[in-house]
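Student: Give me the fold of what follows.
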Amino acid sequence: MTAITPPLPPLYDKQPSAAADGVSIGGKAPDQHQEDTEQGQARFGGFWRQPQYEAAYVQAARVLVAHGQVSGTLDEIALPALFLQRHALELRLKVLLGMVFDIGKLKCGVHPTKDQKKLLDTNHWIEKLLKQLECSCAEFDLPPPPHQLIEFCKALAAIETDPFMARYPDFQQAGKATHRFVDEVVIPIAKLQAQLEKTVSATSYMHDGEGDAPYGEVLHAIWHTYFSHAEHEADSVDGTPAAN
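Tutor: Numbers count the residues shown, from 1 in each chain. Next up, the predicted model:
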């Protein structure tokens, strides 16, 4: 019996304010958008509106920083904005690192270790993720991460005492809770946002056709080459024609 594929839901254009945010592919029906706005509710999910987490955090940080600059409230929004910025970076690092691990398996037959899997799945330290990305790229003879990514990681490392600085007021030191901001700390939140935007652009895995391909797209092209080769080898063994 042939499976019946249900028809796709309609694809709506996004509202102009969200046209380039990258959080979802499609928009909502105009009436639905107006109703949700009036009722103060968000809506996502389904085939065309799967949320892209990293893009959502970048967009939220962008809105917060812009509002803080216009309203003169950068002190008030800095901590949540910093959390959004660094979490967007963490997600981008893990996407790139996961792709490099996949290339290592296909190209060299090297699987990530238990510690490397744990780093990818549960670790929040930006410096550790970047170091693993650089080491794995060198191990598998892949292009190194772009300077925009490295500079942004260093900028955050110069500010953060640990991955949870923007989330909790205290941290554990010598077995007791210690307040983070005993001394004044300057957070260049607008500059960090500009660095985040440059990092996202330089490491994207979607090429807009202008200039050099971004780092993520370069890695994806390498991954696809080895993936296609592995498929071809598998087909040669079992005699199954390769899928087009």
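
Student: do you know how far the residue nearest to Ile187 when sequence neighbours are not counted is from Val182?
Tutor: Nearest non-adjacent residue to Ile187, counting by C-beta to C-beta, 6 or more residues apart in numbering: Ala78, 5.0 Å away. C-beta: built from backbone N, CA, C; applies to glycine. To Val182, Ala78 is 17 Å away according to C-beta to C-beta, to the nearest Å.

Student: And these two? Which one has more around it.
Tutor: More crowded of Ala78 and Val182, by other C-beta atoms under 10 Å: Ala78, with 21 against 7.

Student: In this structure the more buried one contacts Lys191, no?
Tutor: No. If you go by C-beta atoms under 8 Å, Ala78 and Lys191 don't touch, sitting 11.9 Å apart.

Student: Okay, now the unreliable bits of the chain?
Tutor: Scanning the chain for pLDDT under 70 picks out the ranges 1-4, 18-20, 173-174, 207-211, 232, 234-244.

Student: Now the spatially most central residue of it: which helix or strand?
Tutor: Taking C-alpha atoms, centre = their mean, the centroid of the chain lies closest to Arg92, which sits 3.0 Å from it. Arg92 is part of helix 74-108 when elements are defined by DSSP states H and E.

Student: One more: Ala177?
Tutor: strand 176-179.

Student: Convert the C-alpha atoms of that strand to PDB, please.
Tutor: This file holds the C-alpha atoms of strand 176-179, laid out as PDB (Å, rounded to 0.1, in the frame of the first residue of the first chain):
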ATOM      1  CA  LYS A 176      30.600  29.300  49.800                       C
ATOM      2  CA  ALA A 177      28.500  31.600  47.700                       C
ATOM      3  CA  THR A 178      30.300  34.700  46.500                       C
ATOM      4  CA  HIS A 179      28.600  37.800  45.000                       C
END
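
Student: now that strand: how far from the chain's centre is it?
Tutor: Relative to the chain's own centre, strand 176-179 is displaced by 31 Å; criterion: C-alpha atoms, centre = their mean, to the nearest Å.

Student: what comes into contact with it?
Tutor: Under the criterion C-beta atoms under 8 Å, 6 or more residues apart in numbering, residues Pro169, Asp170, Phe171, Gln172 lie in contact with strand 176-179.

Student: Now with 10 Å, please.
Tutor: Thr161, Tyr168, Pro169, Asp170, Phe171, Gln172 (C-beta atoms under 10 Å, 6 or more residues apart in numbering).
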